[in-house]
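Undergrad: predicted structure and sequence below. I'll ask about it afterward.
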Amino acid sequence: MDRSEGVSTERVERTERQIAEQRGIQIRFRTLEEGAHPLHIIRSVEELDIPALDGGGGQLLITGNVTRKVDRLIFDLQLAAEARFDCTRCLEPFEREIKTDLHVEFNPPFLGQVDDGTNHTYDPTAKPYVDIFEDVRDAIVLAIPMKTLCKDDCKGICAGCGHDLNKEECTCPKNEEIGPWSALKAVSERLRADESERPVN
């Protein structure tokens, strides 16, 4: 590899690192004194890059505390994200706030903590900050319900006429059952009628 290729690779890596840092949620800890410190951070929901929340243009609010114990950093946070969904039943768009709590720790290697979903091992001498972006993103993703309803008693859309039953009444004929078994029922009734018309020997 010649020198130009090495410089090019270095530029790409630097650019990727800058992009990651720009979208991150960085907490600078070197100036933090021992004890608890309040946090109040407002970011755009779109920065989280969560497909289920795309297009809402809402805000992400992060509040709570970060506690420093020597080089151990403990975050106890409350997350609130303004989100826009399409109702699972009636398909109408609606807005709702997603709320959840987040507890995460950053520990130096000498403490011997296991690095898992809520505990991270970090080097206090490597960078002047820790980044909680991925922790926040994961917590919001887990807080999004599997089914998103505009209201608990949403009536949904009629399978027959396609009307939104929250706004208008069903226009299906009252004497005709509309459903997955309606076609089978019609066939059964036709067979009965054919049998009744056959001459008796």
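TA: Yes, it's here.
Undergrad: which stretches of this structure have low pLDDT?
TA: Scanning the chain with the threshold set as pLDDT under 70 gives 1-23, 54-56, 112-115, 175-201.
Undergrad: and the strands in it?
TA: For the chain, the strands defined by DSSP state E cover 26-28, 35-44, 59-69, 72-86, 93-107, 119-121, 129-131.
Undergrad: how about these in TSV, adding mean neighbour count?
TA: Quick note: C-beta positions are derived from backbone N, CA and C, even for glycine. Formatted as TSV, the strands of the chain follow (neighbours: other Cβ atoms under 10 Å):
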stretch	mean neighbour count
strand 26-28	14
strand 35-44	12
strand 59-69	17
strand 72-86	18
strand 93-107	16
strand 119-121	16
strand 129-131	18
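Undergrad: is it true that Cys150 touches Glu92?
TA: Yes: the pair Cys150 / Glu92 is scored as a contact, 5.8 Å apart, by Cβ atoms under 8 Å.
Undergrad: so between those two, which is more surrounded?
TA: Using other Cβ atoms under 10 Å, the more surrounded residue of Cys150 and Glu92 is Cys150, with 19 against 14.
Undergrad: ramachandran angles for the more buried one?
TA: phi -60, psi -30 (degrees, to the nearest 10).
Undergrad: contacting residues around it?
TA: The contact partners of Cys150, taken as Cβ atoms under 8 Å, 6 or more residues apart in numbering, are Cys87, Arg89, Cys90, Glu92, Phe94.
Undergrad: correct me, but Thr171 touches Cys161?
TA: Yes: using Cβ under 8 Å, Thr171 is in contact with Cys161, at 4.6 Å.
Undergrad: who's in contact with Leu91?
TA: Ile157.
Undergrad: repeat for the one 5 residues further on
TA: Taking Cβ under 8 Å, 6+ apart as the definition of contact, the neighbours of Arg96 are Ala83, Phe85, Thr148.
Undergrad: show the contacting residues for the second one.
TA: So the one you mean is Phe85. Taking Cβ under 8 Å, 6+ apart, we find Phe85 in contact with Ala52, Pro93, Phe94, Glu95, Arg96, Thr148.
Undergrad: put together JSON lines for those, with distance to Lys167 on each row.
TA: Listed next are the contacts of Phe85 as JSON lines, based on distance: Cβ to Cβ, whole Å:
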{"residue": "Ala52", "distance to Lys167": "25"}
{"residue": "Pro93", "distance to Lys167": "14"}
{"residue": "Phe94", "distance to Lys167": "14"}
{"residue": "Glu95", "distance to Lys167": "18"}
{"residue": "Arg96", "distance to Lys167": "20"}
{"residue": "Thr148", "distance to Lys167": "19"}
